[in-house]
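S.K.: Test case, fold it:
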Amino acid sequence: MKTFKKLCALAAFVVLVLITTGCGYHMGSMMHPQIKTIAIADIKNDTKEPLLTEIMRGQLAEQIMVDGSLKLVSKEKADCVLYCHIKNVTQINTRDDSDDGQETYRPTEFSITVSGNFVVKIPGRHEDLIPMRSISGTSRYQYESDPQLAKFSGLKQACMNFARRAVQYTTEAW
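M.R.: Residues are numbered from 1 along each chain as shown. Prediction:
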């Protein structure tokens, strides 16, 4: 009786494995099999935000490494190159603290959006591997004492969201 239960459990496991592997699903990278490495070109910045290109470059590199589908290398060794152009940064207040009985107005929560586009090219080819696509990344941030530090943190988070979307569109475009 004990061996019959073990045999039934084993048979159920084998059937489950055969069903799930036979459906065409697979795990791992969805990137084109011939593209293994990527580089990040110099980022263009049309805004007046200081350090935005460095923040964006760092976030793009981090998201490429987190995704793991491509290896980040120099431009000379890369199978493809990601070009990014930051067009706009907008900041709006989303909440204020004017309920404190004072007649002063002070916003306490802001939303910041980084907008731009990116394209992925294979060095030496005229056509784009991933055509130009417009994307944006948004973040909310609050501050209590230092508005510049809070804005920097919000800008970094918005760049991370932008970079995450750019890497997803790059690795899942197949």
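
S.K.: quick one, helices of the protein?
M.R.: With DSSP state H as the criterion, the chain has helices at 2-21, 52-67, 147-171.

S.K.: can those go into a markdown table with extra columns for mean pLDDT?
M.R.: Shown next, in a markdown table, are those (pLDDT from 0 to 100):
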| stretch | mean pLDDT |
| --- | --- |
| helix 2-21 | 73 |
| helix 52-67 | 96 |
| helix 147-171 | 94 |
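
S.K.: Can you add mean neighbour count and give those back as TSV?
M.R.: (Glycine included, C-beta is placed from N, CA and C.) Output for the helices of the chain, formatted as TSV (neighbours: other Cβ atoms under 10 Å):
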stretch	mean neighbour count
helix 2-21	9
helix 52-67	18
helix 147-171	19
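
S.K.: Let me have those helices in TSV, adding distance to Lys87 as columns.
M.R.: Below are the helices of the chain laid out as TSV (distance: least, Cβ to Cβ, whole Å):
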stretch	distance to Lys87
helix 2-21	44
helix 52-67	11
helix 147-171	11
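
S.K.: By residue count, tell me the biggest strand in this protein.
M.R.: For the chain, the longest strand by residue count, based on DSSP state E, is strand 80-96.
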